[in-house]
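Participant: Take this sequence and fold it.
(chains A and B)
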There are 2 protein chains.
Amino acid sequence: MRSALRTGTGPIRRTPLSTPTRLHAGVHGLGVRLARGPPIASLNASPSSCFHSKSADRSEALGSAAKLPDAKTVPPATPRERITIADIKERRAKAGRLVAPTAAYSDADMFKAPSTGKPKAKRWDHHLTKESTLREPCKLKQAAKYLKQPGLISLGGGLPCPEYFPIASLDLRIPVPPHFSESATASLGEDAHIGKYDASLSTPAAPEYDLSIALNYGQANGSAQLTRFVTEHTELVGAPPYADWRTSLTVGSTGALEQALRMLCDGPGRRDALLTEEFSFSTALETAAPLGVALVGVPMDDQGLLPESMDAILSRWDPAERGGARKPHVLYTVPSGQNPTGATQSERRRREIYEVARRHDVFILEDEPYYYLQMQQPGTEPPRSVDEFLDGLIPTYLSMDVDGRVLRMDSFSKVVVPGSRLGWITASEQIVERFIRHAEVANQGPSGFSQVILHKLLDERWGHEGYLRWLMHLRMEYTKRRDVIVKACEEFLPRELVSWNPPQAGMFHWLKVNHELHPHASTKSILEMEEEIFNRCIAKGVLVARGSWFRAEQNAPPSGLYFRTTFAAATPENMTEAIRRLGEAVRESFKM
Amino acid sequence: MRSALRTGTGPIRRTPLSTPTRLHAGVHGLGVRLARGPPIASLNASPSSCFHSKSADRSEALGSAAKLPDAKTVPPATPRERITIADIKERRAKAGRLVAPTAAYSDADMFKAPSTGKPKAKRWDHHLTKESTLREPCKLKQAAKYLKQPGLISLGGGLPCPEYFPIASLDLRIPVPPHFSESATASLGEDAHIGKYDASLSTPAAPEYDLSIALNYGQANGSAQLTRFVTEHTELVGAPPYADWRTSLTVGSTGALEQALRMLCDGPGRRDALLTEEFSFSTALETAAPLGVALVGVPMDDQGLLPESMDAILSRWDPAERGGARKPHVLYTVPSGQNPTGATQSERRRREIYEVARRHDVFILEDEPYYYLQMQQPGTEPPRSVDEFLDGLIPTYLSMDVDGRVLRMDSFSKVVVPGSRLGWITASEQIVERFIRHAEVANQGPSGFSQVILHKLLDERWGHEGYLRWLMHLRMEYTKRRDVIVKACEEFLPRELVSWNPPQAGMFHWLKVNHELHPHASTKSILEMEEEIFNRCIAKGVLVARGSWFRAEQNAPPSGLYFRTTFAAATPENMTEAIRRLGEAVRESFKM
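Facilitator: Next up, the predicted model:
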């Protein structure tokens, strides 16, 4: 049996407070055979066939689509490898209580299922920037290895004494699954207590985390306590198929992306360029541009990025035609509920894109803040169990990543709270190690308040079952909201001018306006029309996002007239009224 | 009367939850004459005359010291400009309740005293890196300006609805000043409650911050609520003497430094080099090196960095002798309780260094995590009031910064909790604006949990008076600890071999070992001796930090044999025992 963690029997040794300590890792690497369920049906039905758009003007492909040479080159989907919650409970019971004191070192290997028989990831030295390769481990953190020596007193690290942390305890009022609404929380919720020295209590059921640990310095990849949770969560959804995958907590995916770009893309030196969707997350564009990294927008259809277009761009790449930029070797994509278009790549689409990436040795940055907001399709039944929920999720790039060429970014922003500034990445050990070296100087890891609060809520109180129930609740809430905005569009937007695909995931609803039908189409540019409609909207009291804000290639001529709306926040009444105002603005602009 | 903030009368309008809103800034910029106290005695007595080192072997200058050409060129110290707590209370009373909803824009100008008659800071375009100048404002955040339009409904920004934040409230158990010990907190402390929608309550005394605001997306420079606190705190200590100074919250000074270096130093392109103390914070060195920025170590004495040496290095700079590096234009310094040497620059020393910086147009990064840990000198009485405490602090570079060439980094890590990952910078508006543009992609600002908790504790419950009392308490605790380690050194270390200056600030105690007296001095290098003593220490059960880890110029020959110890964390008994073991190790190494 795997016993990577010390059991809870015996007195808990209070480690000298100034000293980061390795987890008391016992025997490491003993193979354990985990029971695996039956192969899961791999290919979901193509999402676009699951719902019907009531829009008369179904959006055509947003860009030209070349035919893939041979569909057979897409490898057959292999069963997704998923651990079960029962597996995790069994594993934890055998490992015993987690002992992870102040600044304890940890990594995913301590918590994940053994990878016996799996190959290692490929190496990515040729992708890394010089800046990344120059990063050395933090000397002071290296010295922590001596701290496990019994009886050693440390005068080494400048960690303050928790005696001087002026917060004795924190109490949270939280829902008890599955009673998640605000009113249910008020009546049926519970209080969760976080004391300062809870983890030092000698009772077997003592908490595994407390304020004295969380509020002191820690490792830049985050606490062992939360590392365990996100590692297990990744296994529940679908672990990578290679052996040496790791995780690291982050300060959110915005920061994680900047770190990833600095790790892989060198604008001034190597003339690197970044592939992304034709319309992409504007903050990502604003991250890449100052780094001197050229942006390359790949055409999309209603399922998002087109693999044939990506293949064509890469196959035909000529630096002379691209301002001297070298052939891109990194792709940034938001596969589910893409920002801004709301498009969701099917499993087949993801496999096709992965194959193009393999063909051209492209590294993939998979940014999935909306992954769990894959909504209910009209006319289908919601999942009744967490297993059904997990089965219904589209497989991640990570889960099909045979090479180790994917860095996946997960975030708690859209599914718990944005103010946590907390997420995690999953990638090969080489990549995660380089990432952590940068985190040691970029942010030193996420807030200890965020970590200890989310650990108490998600791990200790809800557990994986409760958290997955929460996600199931959330996706139904977003489903209702999506349905409100789509209904409002059907009711109030002029169908002859405006078209859309109801989003299957995320929080954005992307509207295409047929600029060719504009009375001034021959004299006004698309950007001028866009600005005019935008300003009319403001005058009528509705704020939308202009599609041009999201264009990856700001210097290329616009391919169409678009607006991004969100159904995340306004009340149903306000959303409906806002769409009505938008409809008026469009009609007036087109002089109808 | 200045009325930059809406008063609390009338119903509180519940802003649409998806929309960042400007503070309801009323009339901005009306001059208000604040009452100013009498000029404060400016020059503290030179700290090194305030205490006596019992070490027989007083440390000589750690480097050669050229004589300053003319002491008269140091401008006479002008009275430090400090607001009082009474001023702040009066200002807040006139401004009324702070109304700062989700993602509200804010800046220091909204909260600080008017700067009528003061000149603006100089411009630093010539110092900024290309990467910094390329940063554009975040388009989505720019759109927020429309949100103040009455009745406007936003479908613009992807901010989730707080209805889906699964935490209804947070309660903290905190000390009531001045009863700060853990036992006093248990018996005399209080509970502080943070609800989800507290700031929307219509009572005049309603809290100004709540979970619905703090846990949603915010501005990258942080919340208005905490911006006000840190801005006022900066005024209490000594505001800059120019008009357009600003603040921004940070994710801690480690991250702030990386941002500052990327803003000002370009290694590969401009061959920039960074001036710092000969022995400097190892993490800072590890931040600069991957950026390709050459490190230049400036000799020190017991008061830290030597201005004459800095002047000489800059005056004689020849790129050909420096591997092609161009003349440095940025200085990174830790003026109080310097890491690793524990040295503290007197006021006069700071003014001299500032003058050298002016002479050579050097930008100053003032990193002051230990500023408030300026300890009690033996034989002197502790301050009895917060005014005495503030009077006793050495003036900051910021407070003497007539040009606006200082970026000051403050942090809550060593004075509240490291796990907050929270601090702030103060600098000119130009510099702070560039910093925020990077924060928008590097981290999006600090954790909302950290912000709302620290605001509740420091601002709402303790207020400035209570917080300053806390700092007074903390410095006495560190004074006691310092006294323990110094006493242990006097008792157990061989005075003929080991010398030190008792630190006046911070948490580090720097020991110099006279390597020339080593029996193998002629055959062993300093680094070999250092390694040997270090390993002996480990074998005896004490961990210290090797001085060589902190050398700014790792390729230069070591100037001496040093070890850094900390008195921050170990118990007095453990500290004393650890020093005893260290003494044994040194004696054995020198075969005594």
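
Participant: What ranges in the stretch 51-200 of chain A fall below the confidence cut-off?
Facilitator: A:51-81 (pLDDT under 70).

Participant: where do the strands sit along it?
Facilitator: For the stretch 51-200 of chain A, the strands defined by DSSP state E, counting those that start in this stretch occupy A:153-154, A:169-174, A:190-195.

Participant: Distance to B:Arg246 and mean neighbour count added to those strands, as TSV?
Facilitator: To be clear about C-beta, it is placed using only N, CA and C from the backbone, and glycine gets the same treatment. Shown next, in TSV, are the strands of the stretch 51-200 of chain A (distance: least, CB to CB, whole Å; neighbours: other CB atoms under 10 Å in any protein chain shown):
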stretch	distance to B:Arg246	mean neighbour count
strand A:153-154	40	28
strand A:169-174	32	21
strand A:190-195	35	16
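
Participant: Switch those over to JSON lines; also include distance to chain B.
Facilitator: What follows is those, written out as JSON lines (distance: least, CB to the nearest CB, whole Å):
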{"stretch": "strand A:153-154", "distance to chain B": "4"}
{"stretch": "strand A:169-174", "distance to chain B": "4"}
{"stretch": "strand A:190-195", "distance to chain B": "8"}
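
Participant: Quick one: closest of those to A:Glu136.
Facilitator: Smallest distance to A:Glu136 across the strands of the stretch 51-200 of chain A (CB to CB): 21.8 Å, for strand A:153-154.

Participant: Within its sheet, name the partner strands of the closest one and how each one runs.
Facilitator: strand B:542-543 (parallel) (DSSP bridges).

Participant: rewinding a little: could I get the strands of the stretch 51-200 of chain A as TSV with distance to B:Asp244?
Facilitator: TSV is the format used below for the strands of the stretch 51-200 of chain A (distance: least, CB to CB, whole Å):
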stretch	distance to B:Asp244
strand A:153-154	45
strand A:169-174	39
strand A:190-195	42
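
Participant: Name the residues of the stretch 451-592 of chain A found near chain B, please.
Facilitator: Neighbours of chain B within the stretch 451-592 of chain A, by CB under 8 Å from any CB of the partner chain: A:451-453, A:457, A:470, A:474, A:477, A:507-508, A:538, A:541-545, A:549, A:565-570, A:574-575, A:577-579, A:581-582.

Participant: which ones among those residues are found in helices?
Facilitator: In helices, defined here by DSSP state H, the members of these are A:451-453, A:470, A:474, A:477, A:538, A:574-575, A:577-579, A:581-582.

Participant: pLDDT and neighbour count added to those, as CSV?
Facilitator: As requested, those are exported to CSV (pLDDT from 0 to 100; neighbours: other CB atoms under 10 Å in any protein chain shown):
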residue, pLDDT, neighbour count
A:Gln451, 98, 28
A:Val452, 98, 25
A:Ile453, 98, 26
A:Trp470, 98, 22
A:Leu474, 98, 20
A:Glu477, 98, 17
A:Ile538, 97, 16
A:Asn574, 97, 17
A:Met575, 98, 25
A:Glu577, 98, 18
A:Ala578, 98, 27
A:Ile579, 98, 29
A:Arg581, 98, 22
A:Leu582, 98, 27
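
Participant: Tell me the one among the residues you listed nearest to B:Ala192.
Facilitator: Nearest to B:Ala192 among these, with distances taken as CB to CB, is A:Ile453, at 15.5 Å.

Participant: Now the closest one. Nearest residue, chain neighbours left out?
Facilitator: B:Phe449 (5.9 Å; CB to CB, 6 or more residues apart in numbering or on different chains).

Participant: So the one you found lies in a strand, does it not?
Facilitator: No: under DSSP: H, G, I helix; E, B strand; the rest coil, B:Phe449 sits outside any strand and is assigned helix.

Participant: residue contacts, it?
Facilitator: A:419-420, A:447, A:449-450, A:453, B:170, B:214-215 (CB atoms under 8 Å, 6 or more residues apart in numbering or on different chains).

Participant: wait, which of these is closest to A:Leu407?
Facilitator: The closest of the contacts of B:Phe449, once distances to A:Leu407 are taken by CB to CB, is A:Ser420, at 20.6 Å.

Participant: Share the number of residues neighbouring that closest one, please.
Facilitator: Applying other CB atoms under 10 Å in any protein chain shown, we find 25 residues neighbouring A:Ser420.

Participant: How about A:Glu388?
Facilitator: 12.

Participant: Give me the local confidence score for it.
Facilitator: Confidence at A:Glu388, expressed as pLDDT, is 96.

Participant: try A:Pro20
Facilitator: 34.

Participant: and the lowest-mean-pLDDT helix or strand in chain A, anywhere near chain B?
Facilitator: In chain A, the helix or strand scored least confidently by mean pLDDT, DSSP states H and E is helix A:139-143, which has a mean of 81. Yes: residues of helix A:139-143 contacting chain B under CB under 8 Å from any CB: A:139-140, A:143.

Participant: Which other helices and strands does that helix contact?
Facilitator: Applying 3 or more CB pairs under 8 Å, 6 or more residues apart in numbering or on different chains; DSSP states H and E, one finds that helix A:139-143 contacts helix B:282-288.

Participant: The helix or strand following the helix it packs on pairs with which strands, and in what direction?
Facilitator: Next along the chain after helix B:282-288, taking DSSP states H and E as the criterion, comes strand B:294-298. Under the criterion DSSP bridges, strand B:294-298 sits next to strand B:273-277 (parallel) in its sheet.

Participant: Now do the strand it pairs with: everything it contacts.
Facilitator: Contacts of strand B:273-277 (CB under 8 Å, 6+ apart): B:261, B:265, B:284-285, B:288, B:293-298, B:300, B:304-305, B:310, B:313-314, B:322, B:325-328, B:330-334, B:338, B:341, B:343, B:362, B:552.

Participant: Find the nearest non-adjacent residue to A:Ser447, please.
Facilitator: B:Ser447 (3.5 Å).

Participant: how near is A:Arg139 to A:Ser450?
Facilitator: Arg isn't right for residue A:139; it's Lys. 27 Å (CB to CB, to the nearest Å).

Participant: Same question for A:Thr133.
Facilitator: Distance, A:Thr133 to A:Ser450, using CB to CB: 31 Å.

Participant: Look at these two and report which has more neighbours.
Facilitator: A:Ser450 (31 against 12).

Participant: you'd agree that one is up against A:Arg421?
Facilitator: Yes: with contacts counted by CB atoms under 8 Å, A:Ser450 reaches A:Arg421, the gap being 6.2 Å.

Participant: what are the ranges of the helices in the stretch 251-400 of chain A?
Facilitator: A:253-264, A:267-270, A:282-288, A:307-315, A:347-360, A:386-392 (DSSP state H, counting those that start in this stretch).

Participant: Dump those to a markdown table, plus distance to B:Leu201.
Facilitator: Compiled in a markdown table, the helices of the stretch 251-400 of chain A are given as follows (distance: least, CB to CB, whole Å):
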| stretch | distance to B:Leu201 |
| --- | --- |
| helix A:253-264 | 32 |
| helix A:267-270 | 50 |
| helix A:282-288 | 33 |
| helix A:307-315 | 53 |
| helix A:347-360 | 47 |
| helix A:386-392 | 37 |
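
Participant: Tell me which of those sits most buried.
Facilitator: Of the helices of the stretch 251-400 of chain A, the one with the most neighbours on average (mean count of other CB atoms under 10 Å in any protein chain shown) is helix A:253-264, at a mean of 25.
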